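Student: Need a 3D model of the sequence below.
(2 chains)
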Amino acid sequence: MIKIENLKKIYKNGSISVEALKGATIEVKPKEFVSIMGPSGSGKSTMMNILGCLDKPSEGKYELGGEKIEELSDGELAVIRNKKIGFVFQSFNLLPRISTLKNVELPMIYAGVPPKERHKRAIEALERVGLGDRIDHKSNELSGGQRQRVAIARSLVNNPDIILADEPTGNLDTKSGDEIMAIFQQLNNEGATIVMVTHEPEIAAHTKRIITFRDGEVVEDKLVENQIILGVSTVKE
Amino acid sequence: MNFLESVQVAMNAIWVNKMRSLLTMLGIIIGISSVITVVTLGQGSQSAIDKEFEQFGTGRAYIGTNWRETLTQKDYLTTSDIEALKNAFGDKFDAIIQSLEESGKIKSKNEIIKVSLVGGNENYDKIEKVNMINGRYLTNSDVKAKRSVAIIDNETSMDIFGRSNVLGENIMVDMGYTKTSFVIVGLYEEPKSNLGNMGGGEKTPKIFVPVSTLAKVRGMGEHIWGIDLSIKKGIDANSTIEKMIKLLERRHGNDGENKYRSYTAEGEMESVNKVTGVITAVVSAIAAISLVVGGIGVMNIMLVSVTERTREIGIRKAIGAKRKDILLQFLVESIIVSGIGGVIGTLLGIGISIIIANFIKIPPSVSISTIAIAWIFSAGVGVFFGIYPANKASKLDPIEALRYE
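Tutor: Take a look at the predicted model:
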């Protein structure tokens, strides 16, 4: 699914250049559930941005679902972000002032899905995250956990190859965080490939594999021995 | 994202910021309405002037001797000149007559009325249009027999007799050196003239009498003052008159000596049109400046809007919006703001010009082309002043934009 070889990212600011990634090599197979961990400044956010096709690597190769990402133009990257990647952010990043349904429909609008199908798929996605009864609410009328579930629904609607979650529980209390992790586990069981950045070991323990970054390099890559499995029942309200 | 969806998104954004959108539109509204008002009033006064000329006679022309040159006996125009012109250019004009007018006074019960006696013939109404409301116009036999008949207007009739059924009545006109009595055979409608009223001067009523009769009263020989003509429609007045003058010069043996002058209604009209055209253009340009100022207002607000919605732009880009999607979204928003402003401004402009037109008594002429131009212009303002902010929005880096608080 994801093949990254010797990936480097160098930020240049005038005469000072900072090497955020110093040649990372990662492979993620379909149906994996991976955590990327590391202290701040370790390069995990840079990695996430490149994985999400929001940023381009300075050197190295990145293949996502068969596409050589480093060769694509900005416009083609937008299409990849739209169709192959589902984003879940720490601060939810929903559009205020529009309904839950419209928020979930948004990626399909850019994908050119006709309105009727858009509507149907958005409702399906919201039902999958247990918010089928909240479609007309605006995001500021929802709790943090509910907002994050809307964001997950939004990330699902275009059937992406991979879901990228950047500290998805970072702004949530433990209970809501558990709900979100339960949803991710369920989606993973249903066949979704998920890559998640977190700095909390307890959250990472919910995933199946942990890749640790330090100073722009992969320092550890291991499978989780005792994965915390959350009951699906916590999802439904 | 297709265009319709962009419109929806834009309408939503405009609706959310109602007050701000309205204030932004205000600039466009003022700009468009002032342009519409100015152009409409310009066209209105233009058509008023055209109408005035039509009443006066658009084909009307005059040839006379040029008083600025030293004239000798041989230079004076004669009645036989008219016959020569008739023979040579008969197909070019509807009417030709020697120019003759005399002022006189008529005593009524209470006052003395100043009038102008105008020498005419059966075709003279082609030169000076009148609307007959009673009786008959001058005839060929009136002229041949030098009858003392007169055509007066209804107002003057009221002034003299206090009534308008005056056919067959006599009027005594005092010309200072002689008094002559005329029988009224026709009544015409006193012409309503805006331009005459604008001047504010007192109008001297015209009484049409056979030119031969008036010439006899004045004791005119074969020499005449000048020639009045009405050039046929579709014939170039200026070049025809030029040819006629050439003929007169040949007849009088004063080629190229500039002894004759002429004037045509067409020429007059052109010079008046030139003046009103310049005035309209200048005032329109001033009004257009306000439209540009309004456009800058739109750009200013769009720039604020882009900054304010940086995060939204970041989100949209992260989930797959292309540069052109973002560009279109903001461009459409700016076009809609300007477009709605344009519609309101157009209606306001039409309203204002109708009110002003009523006030200064010209016909308000709102043309479709004016409205279309104003619309296209306001949408154009939207595009022109929207493109920079929209482009700025589309170029935002999604990572930076998502980080923006």
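Student: When you work out contacts or count neighbours from here on, use the C-alpha atoms and nothing else.
Tutor: Fine.
Student: mind checking the SS state of residue B:181?
Tutor: Secondary structure, DSSP: H, G, I helix; E, B strand; the rest coil: residue B:181 is strand.
Student: likewise the one 4 residues further on?
Tutor: For residue B:185, the secondary-structure state derived from three-state DSSP is strand.
Student: Tell me if I'm right that it and residue B:151 touch.
Tutor: Yes. Using CA atoms under 8 Å as the test, residue B:185 is close enough to residue B:151 to be in contact (6.0 Å).
Student: In chain A, where is pLDDT below threshold?
Tutor: The model of chain A has pLDDT under 70 over residues A:232-237.
Student: who touches the closest residue to chain B within it in this structure?
Tutor: Residue of chain A nearest chain B, by CA to the nearest CA: residue A:82 (3.9 Å). Going by CA atoms under 8 Å, 6 or more residues apart in numbering or on different chains, residue A:82 touches A:107, A:110, A:111, A:158, B:318, B:319, B:320, B:321.
Student: Go again with 10 Å.
Tutor: With contact set as CA atoms under 10 Å, 6 or more residues apart in numbering or on different chains, residue A:82 has these partners: A:76, A:106-111, A:155, A:157-160, B:316-322.
Student: Of all residues in chain B, which one is closest to chain A?
Tutor: residue B:320 (3.9 Å).
Student: and the residue nearest to that residue when sequence neighbours are not counted, what element?
Tutor: Distances taken as CA to CA, 6 or more residues apart in numbering or on different chains put residue A:82 closest to residue B:320, at 3.9 Å, once the chain neighbours are dropped. Taking DSSP states H and E as the definition, residue A:82 sits inside helix A:74-83.
Student: Show the secondary-structure elements that whatever helix or strand comes next after that helix is packed against.
Tutor: Per DSSP H and E, the first helix or strand lying C-terminal to helix A:74-83 is strand A:85-88. Judged by 3 or more CA pairs under 10 Å, 6 or more residues apart in numbering or on different chains; DSSP states H and E, strand A:85-88 is in contact with helix A:74-83, helix A:144-156, strand A:162-166, strand A:193-197, helix B:310-318.
Student: Could you provide the ones you listed in CSV, with additional columns for distance to residue B:369?
Tutor: Converted to CSV, the helices and strands packed on strand A:85-88 look like this (distance: least, CA to CA, whole Å):
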stretch, distance to residue B:369
helix A:74-83, 41
helix A:144-156, 48
strand A:162-166, 56
strand A:193-197, 60
helix B:310-318, 39
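Student: Taking their axis directions, the helix holding residue A:82 and helix A:144-156 sit at what angle?
Tutor: With axes from the mean of the first three to the mean of the last three CA atoms, to 10 degrees as the basis, helix A:74-83 and helix A:144-156 are set at 120 degrees to each other.
Student: Please list the residues outside stretch B:263-283 that contact it.
Tutor: For stretch B:263-283, the surrounding residues in contact (CA under 10 Å, 6+ apart) are B:34-35, B:38-43, B:45-46, B:49-50, B:52-54, B:56-64, B:228-231, B:236-238, B:241, B:284-289.
Student: Let's see that with 7 Å instead.
Tutor: Here stretch B:263-283 makes contact (CA atoms under 7 Å, 6 or more residues apart in numbering or on different chains) with B:38, B:39, B:42, B:58, B:59, B:60, B:61, B:62, B:63, B:237.
Student: How about the contacts made by the residue nearest the centre of chain A?
Tutor: Taking CA atoms, centre = their mean as the criterion, residue A:164 is the residue nearest the geometric centre of chain A, at 1.6 Å. Contact analysis of residue A:164 by CA under 7 Å, 6+ apart lists A:52, A:85, A:86, A:87, A:88, A:194, A:195, A:196.
Student: With neighbour count added, can I get the residues you listed in TSV?
Tutor: Putting the contacts of residue A:164 into TSV (neighbours: other CA atoms under 10 Å in any protein chain shown) gives the following:
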residue	neighbour count
A:52	24
A:85	26
A:86	29
A:87	24
A:88	27
A:194	24
A:195	22
A:196	23
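Student: which among those residues gets closest to residue A:143?
Tutor: Among the contacts of residue A:164, residue A:88 lies closest to residue A:143 (CA to CA), at 16.0 Å.
Student: partners of the closest one in the sheet?
Tutor: Beta bridges link residue A:88 to residue A:165, judged by DSSP bridges.
Student: how about it, what does it touch?
Tutor: With CA under 7 Å, 6+ apart, residue A:88 has these contacts: A:151, A:152, A:155, A:164, A:165, A:166, A:168.
Student: Of the contacts of residue A:82, select the buried ones using a ChimeraX command.
Tutor: Those of the contacts of residue A:82 that count as buried under 16 or more other CA atoms under 10 Å in any protein chain shown are selected in ChimeraX with:
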select /A:106,107,108,109,110,111,155,157,158,160 /B:316,317,318,319,320,321,322
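Student: was I right about residue B:228 contacting residue B:64?
Tutor: No. The pair residue B:228 / residue B:64 is not scored as a contact, 8.8 Å apart, by CA atoms under 7 Å.
Student: More neighbours: which of those two?
Tutor: A count of neighbours by other CA atoms under 10 Å in any protein chain shown puts residue B:228 above the other of residue B:228 and residue B:64, at 25 against 20.
Student: May I have the secondary structure class of that one?
Tutor: When classified by three-state DSSP, residue B:228 comes out as strand.
Student: What's the separation between it and residue B:98?
Tutor: Per CA to CA, to the nearest Å, residue B:228 is found 6 Å from residue B:98.
Student: Tell me, how many residues neighbour residue B:104?
Tutor: 21.
Student: Could you do the one 10 residues further on as well?
Tutor: Summarising burial for residue B:114: neighbours were counted as other CA under 10 Å, giving 18.
Student: so what's the backbone phi/psi at it?
Tutor: When read as degrees, to the nearest 10, the backbone of residue B:114 gives phi -80, psi 130.
Student: how much space between it and residue B:105?
Tutor: Noted for residue B:114: a distance of 5 Å to residue B:105, by CA to CA.
Student: burial measure for the nearest residue to residue B:144 once chain neighbours are set aside, as a count.
Tutor: Among residues not flanking residue B:144 along the chain, residue B:212 sits closest, at 7.3 Å (CA to CA, 6+ apart). Residue B:212 has 22 neighbours, counted by other CA under 10 Å.
Student: For residue B:212, pull up the helix or strand it's in.
Tutor: Secondary structure (DSSP H and E) places residue B:212 in helix B:211-218.
Student: Just list the residues touching the residue nearest to residue B:403 when sequence neighbours are not counted, thanks.
Tutor: Take residue B:403 and drop its neighbours on the chain: the residue closest to it by CA to CA, 6+ apart is residue B:311, 7.3 Å away. Applying CA under 7 Å, 6+ apart, we find residue B:311 in contact with B:401, B:402, B:404.
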